[in-house]
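A.B. asks: Structural data only, the sequence is not supplied:
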């Protein structure tokens, strides 16, 4: 089955810890994205990547880091510098970002809670 | 000013009625518009997209786009309790480097 997987589903972090969220897709999509969703708010873009070994900051990149070593994988690290990391994290992918008709599809999400 | 605006709701409709969800956007150069449905605790799933002015129908769903008024809507005919969810409007904005800008979503409740 083609799709996007995220793990873990739930993640608990202690103050001062870095944690890494996994995102894998087998849709052969070029572009991948990380969003954060807080209650009552829309999705906010953290980072995105259009090709392997390249990525760009979104609106709220501070305190986060990413890598794109393989087309299928786009892990997100939430560092201790992120002061309010408790949120629902969503990974998405699409064929490419340059087309106005390009459509994004989402993984199931990871819910991160800081203890 | 928010770039994509939606009424947060909740919008309550009886089962079998038409639900009308609205979205306005600020960038006149926006070219493509997407509606996602998000059940509580789940990730967004694409319902439909529209690029041209007018109506686009897909089953019980109809998207309507009016670029002159910077307005896009989603109509759900014969609403079912299973349609109860948050509906997210997303706009691909040239001002935003052709990336998606999401509204905060409208909560829809269909009462049986």
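C.D. replies: Cool, got the structure. Bear in mind that the values here come from a model prediction, so they are computed numbers and not experimental data. Numbers count the residues shown, from 1 in each chain, chains lettered A, B, ... in the order given.
A.B. asks: going forward, measure contacts between C-alpha atoms and count neighbours the same way
C.D. replies: OK.
A.B. asks: Any residues of chain B in contact with chain A? List them.
C.D. replies: B:31-32, B:42-46, B:51, B:88, B:92, B:98-99, B:101-105 (Cα under 8 Å from any Cα of the partner chain).
A.B. asks: nearest residue to the residue in chain B that chain A sits nearest to other than its sequence neighbours?
C.D. replies: Residue nearest to chain A within chain B (Cα to the nearest Cα): residue B:104, separated by 3.8 Å. Once flanking residues are discounted, residue B:104 sits nearest to residue A:42: 3.8 Å by Cα to Cα, 6 or more residues apart in numbering or on different chains.
A.B. asks: tell me the contacts of the one you found?
C.D. replies: Taking Cα atoms under 8 Å, 6 or more residues apart in numbering or on different chains, we find residue A:42 in contact with B:88, B:102-105.
A.B. asks: Quick check: the two most widely separated of those residues?
C.D. replies: Taking Cα to Cα as the measure, these span a maximum distance of 8.0 Å, between B:102 and B:105.
A.B. asks: Dihedrals phi and psi, residue B:27?
C.D. replies: phi -90, psi 110 (degrees, to the nearest 10).
A.B. asks: Hmm, residue B:33 and it touching each other?
C.D. replies: No - with contact defined as Cα atoms under 8 Å, residue B:27 does not count as touching residue B:33 (11.8 Å).
A.B. asks: Quickly list what residue 11 is bridged to.
C.D. replies: I went with chain A, as the question did not name one. Assessed by DSSP bridges, residue A:11 has beta-bridge partners residue A:112.
A.B. asks: Chain B is the one I meant
C.D. replies: Beta-bridge partners of residue B:11, as defined by DSSP bridges: residue B:108.
A.B. asks: and the gap between it and residue A:41?
C.D. replies: Counting by Cα to Cα, to the nearest Å, the gap from residue B:11 to residue A:41 is 17 Å.
A.B. asks: do residue B:104 as well
C.D. replies: Using Cα to Cα, we find residue B:104 at a distance of 5 Å from residue A:41.
A.B. asks: Give me the more crowded residue out of these two.
C.D. replies: residue B:104 (25 against 13; other Cα atoms under 10 Å in any protein chain shown).
A.B. asks: quick one: the residue in chain A that chain B sits nearest to and residue A:50, what's the gap?
C.D. replies: Per Cα to the nearest Cα, residue A:42 is where chain A lies closest to chain B, at 3.8 Å. As judged by Cα to Cα, residue A:42 and residue A:50 stand 22 Å apart.
A.B. asks: interface residues of chain A facing chain B?
C.D. replies: A:40-44, A:90, A:97-101, A:105-109.
A.B. asks: ok, of these, which come out buried?
C.D. replies: Buried members of the residues of chain A next to chain B, scored by 16 or more other Cα atoms under 10 Å in any protein chain shown, are A:42-44, A:90, A:97, A:100-101, A:105-109.
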